[in-house]
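# Make a model of this:
(2 chains)
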Amino acid sequence: MSGSTAAEPWIRRSANPKLDRVMVTPEGVSLNVTVAAAGARAGALALDIVIILGLIFLVTIAGLMLLWGLGVAFDGNLENASGPLQLLAVLWIISVFLFRNAYFLYFELGDRAATWGKRAVGIRVAARDGGRLTAEAVIARNIVRDVELFLPLVFLTSGEASGSMTDLTAWAGFLWVLMFLLFPLFNRDRLRGGDVIAGTWVIQNVKRNLGDIVAPSAANLSGDGTATVTRYQFSDDDLSVYGEYELQTLENVLRSDQNEALQKVAESICQKIGWEPGSGDERVFLEAYYTALRARLERSMKFGKRRKDKFSPHE
Amino acid sequence: MSTEQALSAAVLRSDRFRLEREADWIRLEDIVTKMEKGKSRKLSDDDVLALPTLYRTLLSSLSIARENSLDAGLIDYLEGLALRSYFLVYGTQTSLGRWLGSFFSGGWSRAVRAIQLDIWIALFVMIAGAGVGYILVAGDSDWFYALVPGSYSEVRVPGATEEALRGTLFGSQNEGGLGMFAAFLFSNNAQVAILAFALGFAFAIPSILLLIHNMALLGAMLWVFAQRGLTVDFIGWLSIHGTTELFAILLAGAAGIHVGRSIAFPGTRSHLKAASDAGKRAALVMTGVIVMLICAGLLEGFARQLIDNTAGRFAVGGAMLLLWLLYFIGFGRERRRPET
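This next block holds a predicted model:
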């Protein structure tokens, strides 16, 4: 998916580039997505299992309370109450089945396509081809979960409990669990069996706030729309020492607005362009330099010329 | 500073581009945030109608910004917002309830018809399995103990008397806990069916083996009853829920075979594409299988114990079979989708 467009400048390079992908929307715009790491998936699953167990526990407690209530109502003579008792047992079995199977369905069919566990670690389910995530896909990926996870667990525990487990079957069961549990580690997209069947994958949520204009003071100083009419005037040579990478580093420094960093960066820029570093005016200086540099780089961008960093040759 | 002032003061063209459009972006972000929090009902009609337009505007803003702006923070923001709103615009768009509606009114039977070939394969495998079980036990009755797990076979073993066997078929009307029994049977059978389907993932072979094994068990049991002339009664005892339950297991196995076959022989599609196409179709069938198993559990838990004669059991079992066949063959045909 990312092969042919790998050279595009907007491709994001995140902390773990192995997990970066490009997804093309039906409108034909490519979006950067990051596949959820195996650790995040495991964490989300563990949380979900705890939640499901908690829900089952609550239902069981509620059932026991009702049972106790029945005991009081029938004067402790529970043989008379076999009808309600049965109903209670039926409800319990059905609710456990629902928790086990419908919990994932309900939440993954919602607007956020994520269970509580997934929400907590900030990941969600999406269709691999960039299309709509269909109900069938969600059902398919969760039906397979039963075999990947719950069934072998039940198999192991019940076999152990009834004593019918030989060494061979125990090992076979264990291998089975391991094979499916580790399946996501053996493919690039961290797909588990259910994802393969359903055509889905699990990706990271993104939530970023719209920051302010990076260099507002430069804007205040110059009213007539040209970049160089500020207190600071930069020549072409002064601006040709840096590329986009340095511009973005400068952007980060300006956005974070730490005095120490501002001072340091102002000093090193002055050194580079052979200026005498002043003091007390770093922010204004840096904003002016940033604005001038960005104006220059964006201008050449319009002609299709991009300069990656200070080591790249001039166009 | 108002937007106009900011606009006229902005030095960079790309900043002006941003200032001109950011109101729309912020409105979109607001809508998206509300929808993500599950508060979409609180949105005004205007906002709901504006969502697709705002989303497409945002995508075009993103494309322009990538080509014209070097404000990395801005592009990151647009990128993130585009992804979030993309998921809402192209979200699942069905609730569980609405989806169930479309499922029963044709989606299910269409999916069953789409895997017809696999159903025939599964049917053949099941009949062969039952035959194998019968023939094996007929040849050497020790096979029975190998095929049938211990818990089943307290009374129903080779050499049991006719009365003992008859006793397992009839006369258990007073058995308590029918409802619980039904719920238990359902939960148990549903997991077996899900297993039969999910094993299809491994090129369908485990699904086929599971079908053969379960049916061989049935064949062996049939032989035990046939030895005492109880064939018809046994089939009646079985059919009241068995027509539904075996049909459900047939469909589950067929769904598993469908997935496995598509992975093994994807044709011109890629393996992953073939797997996901087949998986989605099979998921529909499987949801139906669960529904059928609920019916089977109810029939097994209640009707079998309450109807204590073979003719009545055949009537109920036959009627259920007819019902399912009519539904799968005839239902939902008129609304054929263009892609099929």
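# care to break the chain down by domain?
Picked chain A for this. A:38-204, A:216-302 (automatic domain parsing).
# meant chain B actually
Here the domain assignment for chain B is B:3-89, B:97-330, based on automatic domain parsing.
# CA atoms only for whichever strand or helix holds B:Trp120, dumped as CSV, please.
The secondary structure element spanning B:Trp120 is helix B:116-139 (assigned by DSSP states H and E). Coordinates of the C-alpha atoms in helix B:116-139 are reproduced here as CSV (Å, rounded to 0.1, in the frame of the first residue of the first chain):
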residue,chain,number,x,y,z
GLN,B,116,-24.3,-23.2,-2.3
LEU,B,117,-21.3,-25.2,-3.6
ASP,B,118,-19.8,-25.4,-0.1
ILE,B,119,-23.1,-26.5,1.4
TRP,B,120,-23.1,-29.4,-1.1
ILE,B,121,-19.6,-30.3,-0.1
ALA,B,122,-20.4,-30.1,3.6
LEU,B,123,-23.5,-32.2,3.1
PHE,B,124,-21.6,-34.9,1.2
VAL,B,125,-18.9,-34.9,4.0
MET,B,126,-21.6,-35.2,6.7
ILE,B,127,-23.4,-38.1,5.0
ALA,B,128,-20.1,-39.8,4.4
GLY,B,129,-19.1,-39.3,8.0
ALA,B,130,-22.4,-40.8,9.3
GLY,B,131,-21.9,-43.7,6.9
VAL,B,132,-18.4,-44.3,8.0
GLY,B,133,-19.4,-44.3,11.6
TYR,B,134,-22.2,-46.8,11.0
ILE,B,135,-20.1,-49.1,8.9
LEU,B,136,-17.2,-49.0,11.3
VAL,B,137,-19.3,-49.9,14.3
ALA,B,138,-21.2,-52.5,12.3
GLY,B,139,-17.9,-54.2,11.4
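# Can you lay out the domains of chain B as JSON lines showing mean neighbour count?
C-betas here are computed from N, CA, C, even on glycine. Putting these into JSON lines (neighbours: other CB atoms under 10 Å in any protein chain shown) gives the following:
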{"stretch": "domain B:3-89", "mean neighbour count": "18"}
{"stretch": "domain B:97-330", "mean neighbour count": "19"}
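# Which one, of these, ends up nearest to chain A?
Set against chain A and scored by CB to the nearest CB, those come closest in domain B:97-330, at 2.7 Å.
# now that closest one: mean pLDDT?
For domain B:97-330, mean pLDDT rounds to 78.
# what distance separates the start and the end of it?
The distance separating the two terminal residues of domain B:97-330, taken as CA to CA, to the nearest Å, comes to 24 Å.
# Return the next helix or strand after the helix holding B:Trp120 as PDB; C-alpha atoms alone will do.
Moving toward the C-terminus from helix B:116-139, the next helix or strand (DSSP H and E) is helix B:142-147. Extracted in PDB, the C-alpha atoms of helix B:142-147 (Å, rounded to 0.1, in the frame of the first residue of the first chain):
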ATOM      1  CA  ASP B 142     -15.300 -51.800  19.700                       C
ATOM      2  CA  TRP B 143     -15.200 -48.800  17.300                       C
ATOM      3  CA  PHE B 144     -18.100 -47.400  19.200                       C
ATOM      4  CA  TYR B 145     -16.000 -46.800  22.300                       C
ATOM      5  CA  ALA B 146     -13.400 -45.100  20.200                       C
ATOM      6  CA  LEU B 147     -15.900 -42.800  18.500                       C
END
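# hmm, back to that, and the helix holding B:Trp120 with chain A, contact?
No: legend: contact between helix B:116-139 and chain A by CB under 8 Å from any CB of the partner chain is lacking; minimum distance shown is 14.9 Å.
# Which elements pack onto that helix?
Helix B:116-139 makes packing contacts with helix B:142-147, helix B:205-226, helix B:231-264 when contacts are defined by 3 or more CB pairs under 8 Å, 6 or more residues apart in numbering or on different chains; DSSP states H and E.
# show me what contacts the residue nearest the centre of chain A?
In chain A, the C-alpha nearest the mean C-alpha coordinate belongs to A:Gln204, at 1.6 Å (CA atoms, centre = their mean). A:Gln204 makes contacts with A:Val33, A:Thr34, A:Val35, A:Ala36, A:Ala40, A:Gly122, A:Ile123, as judged by CB atoms under 8 Å, 6 or more residues apart in numbering or on different chains.
# Please look at the third one and A:Leu191 and confirm they touch.
Pointing back at A:Val35 there. No: with the criterion set as CB atoms under 8 Å, A:Val35 and A:Leu191 do not qualify as a contacting pair; they are 9.0 Å apart.
# tell me, what's touching these two both at once?
Counting by CB under 8 Å, 6+ apart, the shared contacts of A:Val35 and A:Leu191 are A:Trp201.
# follow-up on the earlier one: looking at the helices and strands packed on helix B:116-139, which is nearest to B:Gly106?
With distances scored as CB to CB, the stretch of the helices and strands packed on helix B:116-139 nearest to B:Gly106 is helix B:231-264 (16.4 Å).
# out of everything not next to it in sequence, what's closest to the closest residue to chain B within the stretch 151-300 of chain A?
Residue of the stretch 151-300 of chain A nearest chain B, by CB to the nearest CB: A:Gly199 (2.7 Å). The shortest distance from A:Gly199 to any residue other than its chain neighbours is 2.7 Å, reached at B:Ser276 (CB to CB, 6 or more residues apart in numbering or on different chains).
# what about the nearest residue to the residue nearest to the centre of chain A once chain neighbours are set aside, which helix or strand?
Sequence neighbours aside, A:Thr34 is the residue nearest to A:Gln204 in space, at 4.4 Å (criterion: CB to CB, 6+ apart). A:Thr34 belongs to strand A:30-34 when assigned by DSSP H and E.
# cool, B:Gly317 as well?
With DSSP H and E as the test, B:Gly317 turns up in helix B:310-330.
# That helix vs helix B:231-264, what angle?
Angle, helix B:310-330 to helix B:231-264, by axes from the mean of the first three to the mean of the last three CA atoms, to 10 degrees: 20 degrees.
# and helix B:310-330, what other elements does it pack with?
Checking 3+ CB pairs under 8 Å, 6+ apart, helix B:310-330 ends up next to helix B:108-114, helix B:231-264.
# will you turn the ones you listed into TSV that also has distance to chain A?
As requested, these are exported to TSV (distance: least, CB to the nearest CB, whole Å):
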stretch	distance to chain A
helix B:108-114	9
helix B:231-264	6
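# nearest to A:Pro216, of the ones you listed?
Short answer: helix B:231-264, nearest of the helices and strands packed on helix B:310-330 by CB to CB, at 57.2 Å.
# Mind giving me the packing neighbours of the next helix or strand after that closest one?
Using DSSP H and E, the helix or strand that follows helix B:231-264 towards the C-terminus is helix B:271-298. Here helix B:271-298 touches helix A:135-145, helix A:193-198, helix B:108-114, helix B:178-198, helix B:231-264, going by 3+ CB pairs under 8 Å, 6+ apart.
# how far out from the middle of the chain is helix B:271-298?
Centre-to-centre, helix B:271-298 and its host chain are 3 Å apart (CA atoms, centre = their mean, to the nearest Å).
# longest helix in chain A, by residue count?
helix A:38-73 (DSSP state H).
# Name the residues of that one that are buried.
Within helix A:38-73, the residues that qualify as buried are A:40-41, A:43-45, A:47-48, A:51-52, A:55, A:59, A:66-67, A:70, counting by 16 or more other CB atoms under 10 Å in any protein chain shown.
# okay, the angle between that helix and helix A:135-145?
Inter-element angle recorded for helix A:38-73 and helix A:135-145: 80 degrees (by the same axes, to 10 degrees).
# What's the mean pLDDT across the following helix or strand past helix A:38-73?
Along the chain past helix A:38-73, the next helix or strand (assigned with DSSP H and E) turns out to be helix A:82-108. Averaged across helix A:82-108, the pLDDT comes to 78.
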